[in-house]
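S.K.: sequence and predicted model, in that order:
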Amino acid sequence: WAVELFFRHIKTTMGMEMLRCKTPKMVRKELRMFIIAHNLIRSLMQEAASLYLCDLTRLSFKGTVDTLRQFSYAIYAAKDAPRTRARIFDEMLLVIASEKVPLRENRSEPRALKKRPKPFQ
């Protein structure tokens with residue numbers, strides 16, 4: 001189930017629903033880049049969880065992506081000031097650790113069977 005959720009995050013949250021490349025070689029490169037980006041975001045989540053002692057499974061992937069996008073401008077602007085950059089990075093990790101997914105006890109998530117639209121009648 002966790003692997004399927006990872007693929008869902010890569011496809012929907014990171015925007016890989018439609019591949020833009022045309023050749024097989026470039027499609028493989030594009031897939032690798034999405035997987036690398038996913039792993040980097042997961043490593044940010046891991047770092048925030050270990051630094052602020054929170055449960056990694058409760059951290060929001062989408063929240064982490066949004067936080068990274070917001071803080072990326074400030075981190076880039078502080079590229080020549082290492083102390084400021086480190087302070088901004090620590091603040092970003094605090095925001096990531098504070099955006100937790102709520103506990104949903106006794107929740108049932110049955111698998112939905114969807115009928116795919118056919119191109120013909």
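M.R.: Received the coordinates, thanks.

S.K.: and whichever strand or helix holds Glu30, what's buried?
M.R.: Here Glu30 is covered by helix 24-51, with elements defined by DSSP states H and E. Judged by neighbour count using 16 or more other C-beta atoms under 10 Å, the buried positions of helix 24-51 are 34, 38, 41-42, 44-45, 48-49. Backbone N, C-alpha and C define where each C-beta goes, glycine included.

S.K.: now the helices for this protein?
M.R.: 2-8, 24-51, 61-77, 82-98 (DSSP state H).

S.K.: how distant is stretch 26-35 from the center of its chain?
M.R.: Relative to the centre of its chain, stretch 26-35 is centred 16 Å away, using C-alpha atoms, centre = their mean, to the nearest Å.

S.K.: residues contacting it, please?
M.R.: Contacts with stretch 26-35, where a contact means C-beta atoms under 8 Å, 6 or more residues apart in numbering, come from 10, 14, 16, 19-21.

S.K.: which of the residues in stretch 47-65 are buried?
M.R.: Result for stretch 47-65 [16+ other C-beta under 10 Å]: buried residues 48-49, 54, 59-61, 63-65.

S.K.: filter the contacts of stretch 26-35 to the buried ones?
M.R.: Buried among these (16+ other C-beta under 10 Å): 10, 14, 16.
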